[in-house]
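Show me how the following folds:
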Amino acid sequence: MSHADRSQRHPRLRVPLGLILILILTLAVGTFLRLLGMNWGLPNEAHLFSYHPDEIPILHGVSQLNVFAGHFNPHFFNYGTFYLHLVYVAVVCASGLGWVDPNFVRIEDVAKLHLIGRGVSVAFGVATILLTYLLGRRVANQRVGTLAAFLVALAPGLVANAHYATVDVTLTFWTALALLLMIHVSEGKDAKWVLWSGLVVGLCAATRYTAGLLLIPLLMQCRRHDRSGRMAVIAGLASLIGFLLGCPGAIFAFSEFRRDFLFEVQHSRMGSGLIFHGTGNGWWHHLTQNLPFATGLPVWLLLIACAGYLFCGRRGTNHREPLLVWLVVSFGLLGLGNIRFLRYLLPMLPPIMVLLSEALLVGWVTPGHGDNSGERNRWPDSLRRSAGLSLTCAILAAVSIVGWNAACQFARPDPRDQAAAWLTSRLQERTTVGLVTLPWFYTPPICPFNGGMKSQWQFQSWRTDAPFRLAVTGWDLKMLAREKPDIFVVSEFETRDEVRLNLPEPRAFLNRLYSDYTLVQEFKNMDSLPAPWLSNRFVPHDWLYPNPRVEIYRHIERKS
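Numbers count the residues shown, from 1 in each chain. I've put the predicted structure just below:
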């Protein structure tokens, strides 16, 4: 095909100046929300581990890498290692500029390692906004792409998780890129797009193994245009190469890779402690519990907005197909698992926002896309347009409110820090402080070793010379009676599932606590609740990381 023929078939789109300005503003807003409160919960002298539990093993794996000394094994393969390698590249650049010591001996350098990891999440989070615009433009038009990009910039699930040095936001970027490349495959273009799509699918799987399911929509597009199977073979081989490029330890450290991979498989089947016990059907839990917090939108509003597809006709169905297949396959797998964190929905948000934007702008707002005149008579264009504009404004307002509150959680004083400041001014040498568990990410930093089981021996050593007594009672009533703590500290993370499930031991323990102790302080940023239409719900577990409730009880001295 000549250059003139290609230009005629795929004319270059000119982006109006107004849309360019809106897109620039969208990127600026998305960047600001993701950078707001980036120093939240960083390790310091008061607590040596961050307030996000997943940052600990991921960044420890990064610290094991040193290509200049021949250390290529992070010894951590639970999620795949591509994100770890990206963070390590950023660490090498930062150390080359003299900003961080790659040996991470000082706590200041450990904090900088967290900032670098979070910076990688921010960079890929902002890039995802631009990719969503391109994805929406390819599926429908530039206005759809612009609206979808704005919704992704404000989506509270993506805003919140961009503050963490974890794999989820980076995975969302690579997923959106894979889907964009698959649309080129769906247009029947040459095999190079299959190759690139396969490589990116492999990188997705190397970031989190379950993202390898992206191979299914890719193979479906290959099958559509090549019945011989040649393109499917290329897609499979390219995906394998991409995976090994992102996770080379699957070959040279196969035993460790196999150990951690099988652990994650078992973990998904067995669940994560009590967190998701008794939460019912997995698909229903994700749909009604996690999705509203991830998008900032109640399910009923999403359904009404998506009803705009009743007026869209059959425009662009080939372009939508990779997105729809990915959503069905991904959501289908998530519902089968017994681990149901909100963050697992993040790779689905760009296609969701693109399809939502198309339903609003092409289905509701743009007149004259119905397939039959009877439908248009029942829904006059003016009425449909007014309803579509109202829906669009309501959705923009809802996502903006929840997205802003999601970012503000990180800028406000953390409840754990507030509780620690209150406690340290009142603790004396003979004071006994009671905890349910070893100090962990949810514990006020009255002890610097807050790594849970990872810092147990350091905690035991510290406790012998601590300026006050620290007693870990568990849910043991006899231990509570023997230790008789003067003050007892309880975190929302320790009690909410025990109370929800009405477990006998925690119930008896808390009843004794409520009878022998009085609540003297409670710390939680109530102004950080997401929105009136979400705040009364049972907040997803990983939404609580920056804002857990911390309660402090004082023993009641009873007169004899």
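
Look up phi and psi at residue 71.
Residue 71 adopts backbone torsions of phi -100, psi 100, taken as degrees, to the nearest 10.

Verify the stated contact: it with residue 65.
Yes - proximity of residue 71 to residue 65 meets the contact threshold set by C-beta atoms under 8 Å, at 6.0 Å. Every C-beta, even on glycine, is put in place using the N, C-alpha and C of the backbone.

So which of those two has more stuff around it?
residue 65 (21 against 12; other C-beta atoms under 10 Å).

Disregarding residues adjacent in the polypeptide, which is nearest to the more buried one?
residue 88 (4.6 Å; C-beta to C-beta, 6 or more residues apart in numbering).

and the one you found, how many neighbours does it have?
23.

same deal with residue 120?
Considering only other C-beta under 10 Å, residue 120 is surrounded by 21 other residues.

ok, and for the helix or strand harbouring it, which residues are buried?
Here residue 120 sits within helix 107-139, counting by DSSP states H and E. If you call a residue buried by 16 or more other C-beta atoms under 10 Å, then helix 107-139 has these buried ones: 107, 109-139.

Please apply the same query to stretch 548-560.
548-553, 555.

and what of stretch 326-346?
326-327, 329-331, 334, 337, 339-346.

So among those residues, where is pLDDT lowest?
pLDDT is lowest at residue 337 among the buried residues of stretch 326-346; the value there is 89.

Just the helices from the stretch 151-300 of the chain, written as ranges.
Per DSSP state H, counting those that start in this stretch, the stretch 151-300 of the chain carries helices over the ranges 156-161, 168-186, 191-207, 215-225, 230-246, 249-252, 254-270, 282-285, 291-295, 299-306.

Of these, flag the one that's most buried.
Most buried of the helices of the stretch 151-300 of the chain, by mean neighbour count (mean count of other C-beta atoms under 10 Å): helix 156-161, with a mean of 29.

Using the record's domain definitions, break the chain down for me.
Listed domain ranges for the chain are 3-410, 415-555 (source: automatic domain parsing).

Nearest residue to residue 122 in space, ignoring adjacent ones along the chain?
Nearest to residue 122 is residue 34, by C-beta to C-beta, 6+ apart, at 4.6 Å.

Could you count how many residues lie near that neighbour?
28.

Work out for me the element it sits within.
Counting by DSSP H and E, residue 34 is part of helix 17-35.

what's the angle from whatever helix or strand comes next after that helix to helix 254-270?
Going down the chain from helix 17-35, the next helix or strand is helix 55-63, by DSSP H and E. Here helix 55-63 runs at an angle of 170 degrees relative to helix 254-270 (axes from the mean of the first three to the mean of the last three C-alpha atoms, to 10 degrees).

can you give me how far helix 55-63 is from the chain middle?
With C-alpha atoms, centre = their mean, to the nearest Å as the basis, helix 55-63 stands 17 Å off its chain's centre.

Using CSV, list the CA coordinates for that helix.
The C-alpha coordinates for helix 55-63 follow below in CSV (Å, rounded to 0.1, in the frame of the first residue of the first chain):
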residue,chain,number,x,y,z
GLU,A,55,5.6,-1.6,50.2
ILE,A,56,7.8,-3.5,52.7
PRO,A,57,8.4,-6.7,50.6
ILE,A,58,8.4,-4.9,47.2
LEU,A,59,11.0,-2.3,48.1
HIS,A,60,13.1,-4.9,50.0
GLY,A,61,13.3,-6.8,46.8
VAL,A,62,14.4,-3.6,45.0
SER,A,63,17.1,-3.1,47.6
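
Go through it and flag the buried ones.
Within helix 55-63, the residues scored as buried using 16+ other C-beta under 10 Å are 55-56, 58-63.

Would you mind getting the angle between it and helix 107-139?
Going by the same axes, to 10 degrees, helix 55-63 makes 100 degrees with helix 107-139.

name the helices or strands packed onto helix 55-63?
helix 82-96, helix 107-139 (3 or more C-beta pairs under 8 Å, 6 or more residues apart in numbering; DSSP states H and E).

what residues does that helix touch?
Residues outside helix 55-63 that contact it (C-beta atoms under 8 Å, 6 or more residues apart in numbering): 49-50, 74-76, 78-79, 81, 83-84, 87-88, 91, 104, 113-114, 117, 164-167, 451, 454.

just stretch 171-184 next, same as before
By C-beta under 8 Å, 6+ apart, stretch 171-184 touches 83, 124-125, 127-128, 131-132, 134-135, 138-139, 158, 193, 196-197, 200-201, 203-204, 207-208, 211, 214, 217-218, 221, 319, 322-323, 326, 346-347, 349-351.

distance of the spatially most central residue of the chain from residue 79?
In the chain, the C-alpha closest to the average C-alpha coordinate belongs to residue 343, at a distance of 3.4 Å (C-alpha atoms, centre = their mean). In this view, residue 343 and residue 79 are 11 Å apart by C-beta to C-beta, to the nearest Å.

And for residue 102?
For residue 102 relative to residue 79 (C-beta to C-beta), the value is 22 Å.

Who has more neighbours out of the two?
Neighbour count, other C-beta under 10 Å: between residue 102 and residue 79, residue 79 has more, with 25 against 18.

Make sure I have this right: the more buried one is in a helix.
No - if the criterion is DSSP: H, G, I helix; E, B strand; the rest coil, then residue 79 is coil and not within a helix.

how much space is there between it and residue 335?
In this view, residue 79 and residue 335 are 20 Å apart by C-beta to C-beta.

Then residue 178?
Applying C-beta to C-beta to residue 178 and residue 335 gives a distance of 22 Å.

that older thread, distance to residue 18 and mean pLDDT added to the helices of the stretch 151-300 of the chain, as JSON lines?
Shown next, in JSON lines, are the helices of the stretch 151-300 of the chain (distance: least, C-beta to C-beta, whole Å; pLDDT from 0 to 100):
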{"stretch": "helix 156-161", "distance to residue 18": "25", "mean pLDDT": "97"}
{"stretch": "helix 168-186", "distance to residue 18": "24", "mean pLDDT": "95"}
{"stretch": "helix 191-207", "distance to residue 18": "31", "mean pLDDT": "95"}
{"stretch": "helix 215-225", "distance to residue 18": "33", "mean pLDDT": "90"}
{"stretch": "helix 230-246", "distance to residue 18": "38", "mean pLDDT": "95"}
{"stretch": "helix 249-252", "distance to residue 18": "48", "mean pLDDT": "95"}
{"stretch": "helix 254-270", "distance to residue 18": "46", "mean pLDDT": "92"}
{"stretch": "helix 282-285", "distance to residue 18": "40", "mean pLDDT": "94"}
{"stretch": "helix 291-295", "distance to residue 18": "26", "mean pLDDT": "96"}
{"stretch": "helix 299-306", "distance to residue 18": "23", "mean pLDDT": "92"}
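
quick one, strands of the stretch 301-450 of the chain?
Assigned by DSSP state E, counting those that start in this stretch, the stretch 301-450 of the chain shows strands spanning 432-435.

low-confidence ranges in it?
Residue ranges of the stretch 301-450 of the chain with pLDDT under 70: 313-317, 367-379.

Quick check: nearest residue in space to residue 264, chain neighbours excluded?
Excluding the flanking residues, the one nearest residue 264 by C-beta to C-beta, 6+ apart is residue 78, at 5.5 Å.

Hmm, residue 263 and that neighbour touching each other?
Yes - if you go by C-beta under 8 Å, residue 78 and residue 263 touch, sitting 6.8 Å apart.

correct me, but residue 333 touches residue 210?
Yes - if you go by C-beta under 8 Å, residue 333 and residue 210 touch, sitting 6.4 Å apart.

which residues are in contact with both of those two?
By C-beta under 8 Å, 6+ apart, no residue touches both residue 333 and residue 210.

if we can go back for a sec, dump the residue contacts of the residue nearest to the centre of the chain.
Counted by C-beta under 8 Å, 6+ apart, residue 343 has contacts 157, 161, 166, 168, 542.

For the second one, list the residues it contacts.
Contact analysis of residue 161 by C-beta under 8 Å, 6+ apart lists 121, 125, 168-169, 343, 346.

Can you pick out the most distant pair from the residues you listed?
125 and 343 (12.7 Å; C-beta to C-beta).
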